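Asks: Turn this into a model:
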Amino acid sequence: MSSSKAVLPGNDTVAQVFKALETETTALLEPLDLSFLTDYPVFAPDSRGRTRVHEPPELLKGVLHCFYRDIYGLRPMERELRNEDVWRQCGFERPPSRRTLDRFITDFAVVAEEVFIELVHELAEQVPLGKLFQIDGTDIPVSQRDEDAQWNYDHTDDDFYYGYGCCVVTAANNIPIAAAFTSGKKVDQETAMRVTRDALAVETPRWMVGDSEFDMLNWHDYLLEQAVVPVAPYNPRNTDDPLDIEYRVEDRIKEHSETVRLWQRQLDETYSQRSRVETAIGVCKDLGLGSLRVRGRARVKSHVFLTLCLRVAVALANHHRGNDVASSTITL
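Replies: Residues are numbered from 1 along each chain as shown. Okay, the predicted model is just below:
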């Protein structure tokens, strides 16, 4: 009969594995204050008087842990959270069922934006966001079996894709600070204004950069009223009598002020940093924004904002550990 030592790792090795898991999970979750989740009516106890076994803060921690480990399906998430070293660190008194996780993720869609914004405000109190914000839309492709989605044109790739979109404002260190879930990648003026207001409610930058899609008069005027310089290329296709300018802000400042002047070189140098938003979105896609295997508008929206919340949580974790806040991974 063979000795167990020949087929099983030693106790020291097992202890190291659990310690690594504990350290990584704790690093992700410890800096988060999720107590505000209990205030949302959507997470209120059952109206029939049943006690709530699992609290919303613990459930969100459990889902964020799973997302960080590239676990997205309900069955794999349920299996992962059966690990006692995981569910205890998430604050559970016992592992949540698949049905509980399903209900939580479905309900999360109702308050997804509010939860994300709350976490962003927590982050902004500790991490500098810089003076340059970027805004852009990104595609959220899904299976054609999703009846809620639609075909959209992506002008960047000059191709069509089936799915949804997300308008995101990002700041320093690849951090998303405001977002809106949309039907497609193209951003309309109403969405641009809403997301911009959310971003400025967190912190006021000096500059906000967007591509020619954001050549919107109301967007420019609103930012200038907030003492923020909008930098978006002028789109001559928006008029039959195009102006001789490179950026819309040149005309808006000329119209609104006789004293303020911007150098063309200054605008060019600022706009050259627009690619930062693509890098920031890429970091979010590394954390699950590009790994959607769910269907239905509500579930896709939940997935998108859970990913954005995870990005903020990772940034907080790295900040607390003195690591690179821009990274998509937590350095132990």
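
Asks: Can you get me the start-to-end distance on stretch 115-133?
Replies: From its first residue to its last, stretch 115-133 covers 21 Å (Cα to Cα, to the nearest Å).

Asks: pLDDT value on His155, please?
Replies: pLDDT recorded at His155 is 82.

Asks: Next one: it from Thr170, what distance?
Replies: Noted for His155: a distance of 20 Å to Thr170, by Cβ to Cβ, to the nearest Å. C-beta here means a position set from N, CA and C on the backbone, and glycine is covered the same way.

Asks: Please identify which of those two sits among more neighbours.
Replies: Neighbour totals were compared for His155 and Thr170, and Thr170 leads with 29 against 11 (other Cβ atoms under 10 Å).

Asks: Quick check: which element contains that one?
Replies: strand 159-171 (DSSP states H and E).

Asks: For stretch 191-209, give the mean pLDDT please.
Replies: Mean predicted confidence for stretch 191-209 is 97.

Asks: ditto for stretch 118-131
Replies: Stretch 118-131 carries an average pLDDT of 96.

Asks: Span of that stretch from start to end?
Replies: 21 Å.

Asks: centre of the chain versus it, how much separation?
Replies: In terms of Cα atoms, centre = their mean, to the nearest Å, the centre of stretch 118-131 is set 13 Å apart from its chain centre.

Asks: for this protein, what's the longest helix?
Replies: What stands out as the longest helix in the chain, according to DSSP state H, is helix 297-320.

Asks: May I see the buried residues of that helix?
Replies: Of all the residues in helix 297-320, those buried under the rule 16 or more other Cβ atoms under 10 Å are 297-319.

Asks: how's the protein carved up into domains?
Replies: 9-111, 112-302 (automatic domain parsing).

Asks: what about Val168, how many neighbours?
Replies: Neighbours of Val168 under the rule other Cβ under 10 Å: 25.

Asks: Run through the residues that contact it.
Replies: Going by Cβ atoms under 8 Å, 6 or more residues apart in numbering, Val168 touches 135-138, 176, 178-179, 195, 277, 280-281, 284, 308.

Asks: So what pairs up with it in the strands?
Replies: As for beta bridges, Val168 partners with Asp136, Ala179 under DSSP bridges.

Asks: Please tell me I have it right and Ala179 contacts Val187.
Replies: No: Ala179 is not in contact with Val187 according to Cβ atoms under 8 Å; the separation is 11.3 Å.

Asks: Next, the contact list for Glu58, please.
Replies: Counting by Cβ under 8 Å, 6+ apart, Glu58 touches 90-92, 96.
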